[in-house]
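In: Here is the input, now give the coordinates:
(one chain, ligands or ions: 1)
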Amino acid sequence: MMKYIIEGGNPLVGTIRIQSAKNACLPIIAATILTKGKTILRNVPKISDIDNLLFILSGLGCRVQWKDGDLYIDTTNISYNEIDAEVAKKIRGSIFVLGCLVARFKQARLPYPGGCAIGARPIDIHVEGFKKIGIKVREARDYIDCSAKRIKGGVVYLDFPSVGATENIIMAAALGNTTTTIINAAKEPEVTDLVRFLRSCGACINGEGTDTITVAGVKELQGVDYIPIPDRINTASYMLAVATVGGNVVLENVIAEHNANLIEKLKADGCKIETKNNNLQIIKDKNQITRKRNTSMQTSPYPGFSTDIQNQYMVYRSTVSGLTTITENLFENRYSIVPQLQKLGATICVKNRVATVTGGSELTGGTCENPMIVIPNDLRGGVGLVIAALASRGVTIVERADLVKRGHESIERDLGNLGANIILKVQ
Ligand code: UD1
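Out: Modelled structure (predicted):
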């Protein structure tokens, strides 16, 4: 069991270097199954979701090594093997292995994948897409079996621009001699990054970043040296931490365009944000009287507001004056943070998909002897509670640090370097 012990109140001042995006690294790591030889991925966070996926790759005979924050994967001795059920259940990312294994070995069996407890997270869009391109899919109670003598290709219309389904179908279709067109594809930067990675390996794919992606299968793909995009979700979380707590922070290795909507919202609230090259500076004077501003936000596929920063934005808006109406359109369980924030003094009312936040609350933790304890249910909720604890007077314990560690190599190191009073306690 791991938890964060946080004493709030310190402004955040300094620099954080953003690592490569978890949600880009996961499909790219899976995609190395399609390649022959060695791949180097740069600036990869050493987090549990990635470790679990690497465990799956090791089970297939891949050689995996970490060196100075870079990840080396050698697929020379890869061969088909069944995936360990315990590991597959731990991460949603294990679903990517399915498309890659069928493409490379014409068969795959995967125990149903896990992931954060943020909703039902079905895989029907993946399955329908696979069937459309000629993959036979058999769903049993505990696992899913896929096989295909040959990927036929064709046109796949997605009912919803699912990020994972788009990525999975791209990977399943990348080898062979047929063409697959995905219509209503996801436009997230992580999808674009996967396509760029595959293209650098020799794949023939077009249309990334638009809603129509065309994949022309190729005979083989080679390993490469690649730098995945910086993590736009962690960038947003740290921006929101500064906006909530106050301070002056430079985030290095950022693609500001990926957070354009959040930057606009924070500027409208009075935060100073400047971007230069790949750096973003955010300044928020804690004593600045912010003008009361009502606003609304709804989560939607990119370039809409990401569901992965909804909780952190809710924490921030709890502390500045004005009403905020939040609509969560992606995942049904993404308000589990609300009762925990209410314990700290936030005023939030939830009705179905809509949360109404009455801002301007002073958040309060406990004392050293009797700290306030809050318990997240998922990764982003955990990050939201860390931000809330930093903004709270007194001492707060954020339980389930293991959830935060799914997406942050060391949030305590990053925030501690900025002057936050946060320690990780391992029991
Ligand atoms: C990815 C991200 C996750 C982010 C989410 C939405 C990774 C590893 N994870 O998750 O952090 O929150 O995108 O931006 O990249 N759906 C179906 N059937 C399916 C697939 C999805 O109904 O077969 C629904 C989901 O329940 C959800 C919506 O579609 O309501 C979006 O899901 P999707 O885009 O697939 O998210 P993930 O790829 O799981």
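In: which residues in the stretch 1-150 of the chain form helices?
Out: Under the criterion DSSP state H, counting those that start in this stretch, the stretch 1-150 of the chain contains helices at 22-31, 48-59, 85-90, 95-105, 124-132.
In: count of residues packed around residue 122?
Out: Neighbour count for residue 122, taken as other CB atoms under 10 Å: 9. For the C-beta atoms, the positions are set from N, CA and C on the backbone; glycine is no exception.
In: For it, give its distance to residue 215.
Out: Counting by CB to CB, to the nearest Å, the separation of residue 122 from residue 215 is 23 Å.
In: OK, contacts around residue 340?
Out: 374-376, 381, 385, 388 (CB atoms under 8 Å, 6 or more residues apart in numbering).
In: and the closest residue to the ligand within the chain, which of the three is it?
Out: Of the residues in the chain, the one nearest the ligand is residue 164, at a distance of 2.8 Å by CB to the nearest ligand atom. Secondary structure assignment for residue 164 (DSSP: H, G, I helix; E, B strand; the rest coil): helix.
In: Tell me the residues of the chain that contact the ligand?
Out: Where the chain comes near the ligand, counting by CB under 6 Å from any ligand atom, the residues are 23, 26, 92-93, 119-126, 160, 162-165, 190, 306-308, 330-331.
In: Let's have the helices of the stretch 1-150 of the chain in JSON lines, adding mean pLDDT.
Out: Converted to JSON lines, those look like this (pLDDT from 0 to 100):
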{"stretch": "helix 22-31", "mean pLDDT": "97"}
{"stretch": "helix 48-59", "mean pLDDT": "92"}
{"stretch": "helix 85-90", "mean pLDDT": "78"}
{"stretch": "helix 95-105", "mean pLDDT": "92"}
{"stretch": "helix 124-132", "mean pLDDT": "95"}
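In: just those helices: most buried one?
Out: Here the criterion is mean neighbour count by mean count of other CB atoms under 10 Å, and of those the winner is helix 22-31, at a mean of 27.
In: Grab the CA positions of that one and hand them over as PDB.
Out: Once side chains and other backbone atoms are set aside, the C-alpha atoms of helix 22-31 remain, and they are given as PDB (Å, rounded to 0.1, in the frame of the first residue of the first chain):
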ATOM      1  CA  LYS A  22       1.800   7.200 -21.600                       C
ATOM      2  CA  ASN A  23      -1.100   6.900 -24.000                       C
ATOM      3  CA  ALA A  24       1.300   7.300 -27.000                       C
ATOM      4  CA  CYS A  25       3.900   4.900 -25.500                       C
ATOM      5  CA  LEU A  26       1.400   2.000 -24.800                       C
ATOM      6  CA  PRO A  27       0.200   1.500 -28.400                       C
ATOM      7  CA  ILE A  28       3.700   2.200 -29.800                       C
ATOM      8  CA  ILE A  29       5.300  -0.400 -27.400                       C
ATOM      9  CA  ALA A  30       2.600  -2.900 -28.500                       C
ATOM     10  CA  ALA A  31       3.300  -2.000 -32.200                       C
END
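In: what's the angle between it and helix 95-105?
Out: Helix 22-31 and helix 95-105 meet at an angle of 20 degrees, taking axes from the mean of the first three to the mean of the last three CA atoms, to 10 degrees as the criterion.
In: Which elements pack onto helix 22-31?
Out: With contacts defined as 3 or more CB pairs under 8 Å, 6 or more residues apart in numbering; DSSP states H and E, the packing partners of helix 22-31 are strand 38-41, helix 48-59, strand 70-74, helix 95-105, helix 163-173, helix 189-200.
In: starting at the chain centroid, how far to that helix?
Out: Going by CA atoms, centre = their mean, to the nearest Å, the spacing between the C-alpha centre of helix 22-31 and its chain's C-alpha centre is 11 Å.
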